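Trainee: structural data only, the sequence is not supplied:
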Ligand SMILES: Nc1ncnc2c1ncn2[C@@H]1O[C@H](COP(=O)(O)O)[C@@H](O)[C@H]1O
Ligand SMILES: Nc1ncnc2c1ncn2[C@@H]1O[C@H](COP(=O)(O)O)[C@@H](O)[C@H]1O
Ligand SMILES: Nc1ncnc2c1ncn2[C@@H]1O[C@H](COP(=O)(O)O)[C@@H](O)[C@H]1O
Ligand SMILES: Nc1ncnc2c1ncn2[C@@H]1O[C@H](COP(=O)(O)O)[C@@H](O)[C@H]1O
Ligand SMILES: [Mg+2]
Ligand SMILES: [Mg+2]
Ligand SMILES: [Mg+2]
Ligand SMILES: [Mg+2]
Ligand SMILES: [Mg+2]
Ligand SMILES: [Mg+2]
Ligand SMILES: [Mg+2]
Ligand SMILES: [Mg+2]
C-alpha cells in the first residue's frame, strides 16, 4: 500500500471521488487502491481497466458494474430523477469506447448520461433529427475522430456548454487524434471547449465541474 | 454591405450577440458591420481591432468603450449586481492582452469579470494568497503562456469550472503557444478544459455557455 | 526573356493555358511573360500578383481584368451559356481571397463560377438554405479555414465532385492552415479531395480536369 | 443490431452504397451489418477486413468476392462494357494493397479499374511506355509512397482528373506517409487532388463523384 | 568481445563508471560487458535491462542488486553518511520506473537518493507538506509526465539545482512525452534544466557532475 | 505601477534578484520596474531590451552597464576574485548575443564568466586547444545553433556540469533552433542538461543554482 | 512472377544491380525475384530480410552470404585489391545493423568497406586515434543515432566525401531518428550530405555513384 | 578583428577556402573578414550577402564578382578547361537564387558549373530533352521546391552523383521547404543525397569533396 499517495483531501475539497487510472497498473494494485477508497467513501471508479483488472475488481466487489466497451469498473453510485443530464453525442461507432468511459464517469459523479450515437456530419440530417433532445440536456459532450467536425455543428445548434473530445479513431493524416484535436481547438462555433484525445473521463469531470450542486442525491 | 452573411438567427437561437472578428477587416468594414448589428440589438463587440479600427468605431459610436490592451471596442452592455462572476487569472504580465479580450467578452455577455494577475506557479505563494477569492467565482478562466502550468494548480484548488487559455507569450520551444497548449490538454487536474491559443474571446463564450441564465439584466 | 522555359507544349497537350505564378516576380518580369503568352494564345492569367504587378499588367493590357481581392489579372477569356458551372462555397468572409483566385482561374479555363459565401457550419441552417443551388453545380469547391469542417457537411449533401481548399485564416492552433488541411484529409464524407492550403488556383484546375470538354466556346 | 445508425438515406441521396469500414469490427459485427445492407440493396463492400472477417463474410455470402491483397469482400456489383474506366497507377509493388482496395471500391461503384503497376519515377521510361493507355482512362488514381513523386509526372502527361493517394510504405523520414502526402499537396502539376494516406477507398469514391452517371448498368 | 569499444579512458577522465545501456543487448552481451568492466573497476550498472538480462546478471554476480521497477542491475557501490543527497520527486505513481533508474544511477555514482513520491501539482498541498525535506537536498530531480508542471513549482520553492525529467506517461496529446518536455523547457522558474524524456539515468549523471567531489568514500 | 506583482519574496527565498524580461515592455514600463527593484536591492538586470529600452535605462541609471550585443542593461553587481567561474563556450560568431546575455546574467548573480568563442566541432582542434581552460571552470555553458553538436564533445572532455543552450541561428531544417535542441537533449555525453532555445539567461541561472554559496561578496 | 516490373534496363543504364527490398515480402517472393535476377546477372542483394527470408535464400543459393546483423543476403560479388575503399564509421554499438547493411551493399557494388566502430563524439579521442585510416578512404559513411554529432566532427577531419546516415537508435526526443537527421542536415562541416534514417543501403549507393569506374573487376 | 576565429588551418587541411556566411553580419564585418582572408589566400567568397554588403565588398575589392541573384561576392578564382563540370539543374525559376549560390561556390572551388533551368517534372519532356548534357557532367546538383520530385527522376537518368537541394519556394503545406526535403530524403532513386533547405553552398561543397583533385589549376 506504499506506492501511491491517495489524495483523499481532494475528495473533501472538490466534492468528487478519486478515480483510479488503471493503465499500467496490475489487477492486484487496482484492487488494493479500490479497497482503500471504499474504506472512506461510498464507492470507486477504475478507468482504462483491461479485462484482467476488470475481472479481479468484479470478483472482489460483486456489486460493482463492469463496462467492457468503456473499459471501466464502477461501484456504488446511482443517479435519481433529480440529477442533471449530460448528452453524450458520438460521430461514429468506433467512438463508442470513449463515450462509454464518459458515461460511466458521469454516473460516478451523480449525473445522468443520455447517448446520441453515430450522427457524424457527413449525414447531417441524422444530427438535425436529434436536435431537440440534445438541446434539452444541461451540457453536451461531443466525441469525434477523423475530421472532428461534429462539435462545430452541435455548438451552433445548442446554447449550453459543449465539451469536445477528439478520438484516436482513423488512420493516416488523423495522426492518432491530432487532426480532430486541432479541428476542435479551431471550432468556428464560439465557446466550444476541448479536452485531451480519447479523454472521455476528463469530459465528464468537466461537466461535473459545470453542474456541481445539481448531482443526484444518491451520489 | 454584401461581404458577410451576419448570423442574426444565432443571436436568437443562442442568446448572445454576434461578435465581430476584426483581424484583416478594414476600419470601414468594421464600422459597417457594427452599424448593421446595432440596428437589431442593444450593442456589439469587435475583437482583434487595431488602433485604426478602434478609433473609427469610437468616432462613430461615442458611447462605445475602447480597451487598448485587449484590442476591443464594446458598445452598450453593462452588468448589474445580479450577474455571475468569472475570475480571470493570469500567470504573467505579458498575458494581459488575452485577459482583457476575455474580460470584455464577459461584459458583452452580461457576466462580471474579476481579475487576478501575475500569479504564475514559480511563486506559488502568490496564487495561494488569492485562493479564497478565486473559489468564490462561478467559473475560472486561467491564462498562461510558456509552461502553461497554472491551470493544473488552479484546477486542484477549485471545484467549479476551469477554462484554460494558452498564450503565444514566450520564445524558442514555446513554439507560438504549442507548449502551454499541450500542457493544458494534459492537465493532471481532472476536468480542466481548453480553448485555442490566445483565445480570450472563446474562453469567455465558454463561460457564457456554462452560466447561461445567470447573466445581468442589463445584458 | 531567358529566365523561364515556358511550357507551351503543355497548353497543347492538356488544353489549358500556362498560368503565371506572380509571387516573387517583379512587375517587369510578369509583363514580359504575359507578352510572350499573348503572342501564342488568346490570353493569360497572373495569380499572386501584388498591386504593383497588377497595375503594370493593366497598364500594358487595358482590356485585362484586375481582381484586387483575389490578387489576379486575367486577359481575354469569357464563358458563354454552354459552360459547366462550379459552385465556390466559403465558410467565412476571410476566405474570400482564395475564393476569388479560384473564380478567376475557373473563368480562365472557360468554366462558370457561382459563389456561395459565409455559410460556415456553426450556423448550419445558412448552408442548408443553399443546398439546392449547390447541388445544381457540376462540381463544388469548398473553402474553409480554422476547423475546416464545411467540406464534410457539403460532401454529405451533394453527390458530385467536392474539392476542399484549406485556408491559412485563423490563429494559434490553426498553424497556418494545417488544422483545416488535416480536417479535410480526414473528412468523414467519402470521396472529398483536397488541394494545398490557400490554393484556389489548384482547386479550379482540378475542376477543369474533371469538366474538360464542357468549357465555354469562348475559352 | 443497435451499435450503428446505417445511413441508408445516403445511398438514396448520393447514388452509391454504404461501404463498411471493417477496422476494429468483429467478424460477427461485419456479417450483421452486411446482412442489413443486403436487405435493402443489391450488395455490399467491406474494407479493412482482416482474414477472420473475410472468411466469415464469404462463408455467409458464398457469391461474395474476397480480395486478400486489398483486404476487402464485395458482393453483387459488376461492370459491363458501358462503364467509365479509371486507371489505377502504382509506383511500387508495396503500394498494391492500397491499389486493390481502390479497384474493389471502383467495382462496387460500377466503374472499371485498369491497373498500371510498378512504374515509379526512378525509371521514368516504364511510365512513359504506358502513357497512351493512361491517357485513355476517364480518370487516373496515382498511388505512391516514399517520395510520392509519381502524381506530379502523371499530372503533366494527362489532361483529365488525377487523384493522388500517398501510402505509408517506406521508413524513417517517410513518417508513415507524411512525406508523400506533402509531396502530393505541393505537386507542381496543376489540379492534382489528394486524399488521405492509404485511402484507396476514398480515391475511388472521388472518381465515382466525378464520373457519376457513367457507371455500369449492372451497378 | 569485439562488438564494443568500452571507454575506460572516460572513467579515468571523468571519475564515474561506464554505465551499460541494456536496450537491444542480449543477456550474453550484457554479462560479457559487465565482466570486462568488473576486471577494471569496483562495479557496474546496467540500465534498461529486461528481466532476462537482469536474471543473467544476478546469476553471474550474486552480490549485484536488481531493481525490477527501475529495470537495472548494479554491483558494488554503496554510499556512506558523507555523501551528498539528491531528492528524487515524482508527480504520479506511473513515473516510478524513471525515478528508480535515477536512484540506482545516483547510488552508482556514490550519491544518496531520497524519494518524494506522487506529489503532482493538482493537489499542491501534498508538495508543500514536503517542502522542507526537498530544500535540504543538495540537488533535486523532478520527474513528471502529462502536463509536466511539477518542476516549475519545485523550482520556485528551492534555491538549489533542479533537474527536470519529462516522462512518456500519459496518452493522446502527451505525444510520448513531448508535452511535458516542452513544458519543462519553458519553465517559468528560472534556471530549471532539462534532460531527455524518461532519462532518469541522465538526470542522475547531471547531479553527479554538479556534486563531483561530494560523493561517498565507498564509491 | 499596478501591472506587475514583483516577486520580492523570491529574492529572499532563493537568494538572487528578480530579472526583468524586457520583451514586449515599453521603455517606461522597464524604467518603472527597475526603480521599484532598486528601492529594495542593490541592483537589477533587464534582458531582451531593445535599444530604446536600453537608452532609457542608462539615462535614468547612469552607472548601469549596457551590453548591446546581449541586449541587456545591468546595475550594481560586480564579482571579486572569490567568485566561482563559469566558462561560456560558443560554436560560432552568430551565437554571441546568447553568450552575452548569459555572461551578463552570471555577473548579476555574482559569478565570473569566461568566454571561449567560435570553437565549433567542424574544426575540433580549435576546441581541443582550449580544453585546459574549459576544464578549470566550475561549470560550463555551451551555446550552439545549427547541428548543436558542441555540448556532446565538451561533455566528454570535462567532468563538471555542462549546460547546453541551443540557438535559433541557421536556416531551413534548423527550424528556429529545434534541430540543436533535439541534438542536445539526445547528447551521447551523459549528464548534459539543456535549457530553452536562445535562453542564455536560463543557463546562467542554472549555473547560479549549482554554484550557490560560491558567488562574489560584492553580489 | 507478375507482381513486379523488374527494372533490368536500369542495371544497363546505371551499371549496378537491382537490389531487392525485402521488407513486407514473403520468402517465396524474395526467392522468386532473386531467381529472375540471377538469370540475367552475376548475383543479387536482398536487404531488410528477416530470418525466414534469409534462410530460404541461403537454402536456394548455397553460395550466397548471409549477414544476420545487417539483415542481408548477397550472392556473387567480391572485391579485389583494385577496388576503392569506403570507410564505414559508427558512433555506437547499436548502429551496427545499419553499418552492416551499408557494408554489404558496398560489396555488392564492387567497393571495399572498412569499418571503424563505436567512436562517438562523447569520447572524441577514440575518433582522433583513427583519423589517419579514415582519411585514407576514398569516401566516408558516418552512421550515428541520438545526437548525430559524429559526421560534423568527421567532416572537419577529412577532405573527401562524407555521407551521413542518421539512425533510429535512442528514445524520447530522438523521435525515431528525427533528431540526428536534423543534426546532420545542419552540419557545420561544409559539404556533408545526408540520406534517410537507417538507410545504410542508400549511403552505399551514394558512394557507388561517386566512385563509379573505381569498382573491383570482380563486380 | 576579434569577433571570429577564422579557421585557416581548415583551408590547409581540406584544400578549399573559408567561405564567409554573410547573414547577420554588417558590411564592415564582412569587409574585415574578407581582408584577413585575402592576406593569406588567392581570394574569398561571401554568401547570403545583402546589397549593402555586396556594394561594400565590390567597392573595397574592385575585381570581385557580384552575383545579385545568388547574393554572393567572389574574388579571384577562375576555372580553366581542365576542371570537372557540375550540372546545376533547377525545377522552376524561383529556385534560381539557390542555383546561383551553388554555381558561385563551385567556381570558388575551381569547378565548372553548367546550368539546366526550369525543367520541373510536370513537363517531363523538358527534362528528357536535356538528358544527354546532364549525363556528361561529373556530378549533378538538383534544386527543387514544392514537391521536390525532380531529383528522383534525375537520379534514375544518370549514374553519377546526384546531390538534391530542397528550396523554401512555395506556400502552405510546403512548410518552408519541409515538403521537398522529405521528398528527397525518401527518393526512390537509390543513392541520391540531400543537403539542407536552400543550401546551394553546401551542395557545391559536397561536389567539391567528391571531385577533389579534379579542380582547375587556377583555383
Ligand atoms: N481515463 C483517465 N484519463 C485521464 N486521467 C485519468 C483517467 N482516469 C483517472 N484519471 C486521473 O488519474 C488520477 C489517478 O491517477 P493514479 O494516481 O495513477 O491512479 C485521478 O485522480 C484522475 O485525475
Ligand atoms: N477504407 C476506408 N477508409 C476510410 N473510410 C472508409 C473506408 N471504408 C469505409 N469507409 C467509410 O466509413 C463509413 C462507414 O463507417 P462505419 O459506420 O464505421 O462502418 C462509410 O460510409 C465510408 O464512408
Ligand atoms: N538509461 C540510459 N539512457 C541513456 N543513456 C544511457 C543509459 N544507460 C547508459 N547510457 C549511456 O550509454 C553508454 C553506453 O552505451 P553502450 O556502449 O551501447 O553500452 C554509457 O556510456 C552511457 O553514457
Ligand atoms: N550559404 C551558406 N550556408 C551554410 N553555410 C555557409 C554558407 N556560407 C558559408 N557557410 C559556412 O559558414 C562558415 C563561416 O561562418 P562564419 O564564421 O560565421 O562566417 C563557413 O566555413 C562555411 O562552412
Ligand atoms: Mg457510421
Ligand atoms: Mg511576473
Ligand atoms: Mg461569418
Ligand atoms: Mg519496383
Ligand atoms: Mg496519484
Ligand atoms: Mg566560424
Ligand atoms: Mg559505446
Ligand atoms: Mg516553370
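Mentor: Perfect, I can see it now. Just so it is clear, the model here is predicted, and its values are computed rather than measured. Ligands and ions are numbered 1, 2, ... in the order given.
Trainee: pLDDT score for the residue nearest the centre of chain A?
Mentor: For chain A, the residue sitting closest to the mean C-alpha position, by CA atoms, centre = their mean, is residue A:102 at 1.5 Å. Model confidence at residue A:102, given as pLDDT, is 98.
Trainee: and the gap between residue A:198 and chain F?
Mentor: 27 Å (CB to the nearest CB, to the nearest Å). C-beta here means a position set from N, CA and C on the backbone, and glycine is covered the same way.
Trainee: count of residues packed around that residue?
Mentor: By other CB atoms under 10 Å in any protein chain shown, 24 other residues sit near residue A:198.
Trainee: residues contacting it?
Mentor: Applying CB atoms under 8 Å, 6 or more residues apart in numbering or on different chains, we find residue A:198 in contact with A:98, A:165-168, A:177, E:171-172.
Trainee: and residue A:182, how far from ligand 3?
Mentor: Using CB to the nearest ligand atom, to the nearest Å, one gets 33 Å for the distance from residue A:182 to ligand 3.
Trainee: mind giving me the packing neighbours of the strand or helix carrying that residue?
Mentor: For residue A:182, the host element (DSSP states H and E) is helix A:178-185. On a contact count with 3 or more CB pairs under 8 Å, 6 or more residues apart in numbering or on different chains; DSSP states H and E, helix A:178-185 meets helix A:150-157, strand A:162-166, strand A:193-194, helix C:178-185.
Trainee: one step back: reformat the contacts of residue A:198 as CSV; add pLDDT, distance to ligand 8 and neighbour count.
Mentor: Shown next, in CSV, are these (pLDDT from 0 to 100; distance: CB to the ion, whole Å; neighbours: other CB atoms under 10 Å in any protein chain shown):
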residue, pLDDT, distance to ligand 8, neighbour count
A:98, 98, 41, 28
A:165, 98, 43, 36
A:166, 98, 38, 34
A:167, 98, 37, 29
A:168, 97, 33, 19
A:177, 98, 34, 24
E:171, 97, 38, 20
E:172, 98, 38, 24
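Trainee: show the end-to-end separation of stretch A:104-113, please.
Mentor: Start-to-end span of stretch A:104-113 (CA to CA, to the nearest Å) is 8 Å.
Trainee: give me the neighbour count for residue A:125.
Mentor: Neighbour tally, residue A:125, other CB under 10 Å: 15.
Trainee: where does it land in three-state SS?
Mentor: helix (DSSP: H, G, I helix; E, B strand; the rest coil).
Trainee: need the residues that contact stretch A:50-62.
Mentor: A:22, A:25-28, A:30-31, A:34-35, A:38, A:46, A:49, A:64, A:66, A:68, A:71, A:73, A:75.
Trainee: so what's the residue count around residue A:62?
Mentor: Using other CB under 10 Å, the number of residues around residue A:62 comes to 7.
Trainee: could you check how far it is from residue A:73?
Mentor: Distance of residue A:62 to residue A:73, given as CB to CB, to the nearest Å: 11 Å.
Trainee: dump the residue contacts of the closest residue to ligand 4 within chain A.
Mentor: The minimum distance from chain A to ligand 4, using CB to the nearest ligand atom, falls at residue A:175 (31.9 Å). Contacts here follow CB under 8 Å, 6+ apart; on that basis residue A:175 touches residue C:182.
Trainee: am I right that it is in a helix?
Mentor: Yes. Checked against three-state DSSP, residue A:175 lies within a helix.
Trainee: and it, how far from residue A:183?
Mentor: Residue A:175 sits 12 Å away from residue A:183, going by CB to CB.
Trainee: now do the shared contacts for the two.
Mentor: residue C:182.
Trainee: now do the same for residue A:115: helix, strand or coil?
Mentor: strand.
Trainee: how about the closest residue in space to it that isn't next to it in sequence, phi and psi?
Mentor: Leaving aside its sequence neighbours, residue A:115 sits nearest to residue A:88 (CB to CB, 6 or more residues apart in numbering or on different chains; 5.3 Å). Taking degrees, to the nearest 10, you get phi -110, psi 100 for the backbone angles of residue A:88.
Trainee: out of the helices and strands packed on helix A:178-185, nearest to residue C:195?
Mentor: Among the helices and strands packed on helix A:178-185, helix C:178-185 comes nearest to residue C:195, with 9.2 Å by CB to CB.
Trainee: check whether the closest one contacts ligand 2.
Mentor: No. Using CB under 6 Å from any ligand atom, helix C:178-185 stays clear of ligand 2, coming no nearer than 11.1 Å.
Trainee: how about CSV for the helices and strands packed on helix A:178-185, with distance to residue F:135 added?
Mentor: As requested, the helices and strands packed on helix A:178-185 are exported to CSV (distance: least, CB to CB, whole Å):
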stretch, distance to residue F:135
helix A:150-157, 58
strand A:162-166, 51
strand A:193-194, 51
helix C:178-185, 46
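Trainee: show me the one of the ones you listed that comes nearest ligand 11.
Mentor: Evaluated over the helices and strands packed on helix A:178-185, closeness to ligand 11 peaks at helix C:178-185, with 39.1 Å, by CB to the ion.
Trainee: what about the closest one, average pLDDT?
Mentor: 98.
Trainee: what parts of chain A come near chain C?
Mentor: A:91-92, A:120-124, A:128, A:146-149, A:152-153, A:155-157, A:170, A:172-175, A:178-180, A:182-190 (CB under 8 Å from any CB of the partner chain).
Trainee: show me which of those are buried.
Mentor: Buried by 16 or more other CB atoms under 10 Å in any protein chain shown: A:91-92, A:120-124, A:128, A:146-149, A:152-153, A:155-157, A:170, A:172-175, A:178-180, A:182-190, out of the residues of chain A next to chain C.
Trainee: follow-up on the earlier one: pLDDT score for the residue of chain A closest to ligand 4?
Mentor: 97.
Trainee: returning to what we had before: and which of the contacts of residue A:198 is nearest to ligand 7?
Mentor: Nearest to ligand 7 out of the contacts of residue A:198 is residue A:166 (CB to the ion; 24.1 Å).
Trainee: what's across from the closest one in the sheet?
Mentor: Under DSSP bridges, the beta-bridge partners of residue A:166 are residue A:144.
Trainee: now do the contacts for it.
Mentor: Counting by CB under 8 Å, 6+ apart, the residues that residue A:166 touches are A:144-145, A:148, A:177, A:179-181, A:183-184, A:194, A:197-198, E:172.
Trainee: how about the contacts of residue A:198 in JSON lines, adding distance to residue D:54?
Mentor: Shown next, in JSON lines, are the contacts of residue A:198 (distance: CB to CB, whole Å):
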{"residue": "A:98", "distance to residue D:54": "28"}
{"residue": "A:165", "distance to residue D:54": "32"}
{"residue": "A:166", "distance to residue D:54": "31"}
{"residue": "A:167", "distance to residue D:54": "26"}
{"residue": "A:168", "distance to residue D:54": "25"}
{"residue": "A:177", "distance to residue D:54": "28"}
{"residue": "E:171", "distance to residue D:54": "31"}
{"residue": "E:172", "distance to residue D:54": "32"}
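Trainee: which parts of chain A are strands?
Mentor: Applying DSSP state E to chain A gives strands spanning A:19-21, A:44-47, A:65-67, A:72-75, A:85-90, A:112-116, A:139-144, A:162-166, A:193-194.
Trainee: residue C:111 is nearest to which of those?
Mentor: For those, the distance to residue C:111 is smallest for strand A:139-144, at 34.4 Å, taking CB to CB.
Trainee: that closest one vs strand A:85-90, what angle?
Mentor: Counting by axes from the mean of the first three to the mean of the last three CA atoms, to 10 degrees, strand A:139-144 lies at 10 degrees to strand A:85-90.
Trainee: contact partners of strand A:139-144?
Mentor: With CB under 8 Å, 6+ apart as the criterion, strand A:139-144 contacts A:84, A:86-92, A:95, A:98-99, A:102, A:120, A:134, A:150-151, A:154-155, A:158, A:160-167, A:180, A:200, A:203-204, A:207, A:210-211.
Trainee: not counting sequence-adjacent ones, nearest residue to the residue in chain A that chain H sits nearest to?
Mentor: For chain A and chain H, the shortest gap (CB to the nearest CB) falls at residue A:173, measuring 10.9 Å. Using CB to CB, 6+ apart and skipping residues adjacent in sequence, the residue nearest residue A:173 is residue C:185, 4.1 Å away.
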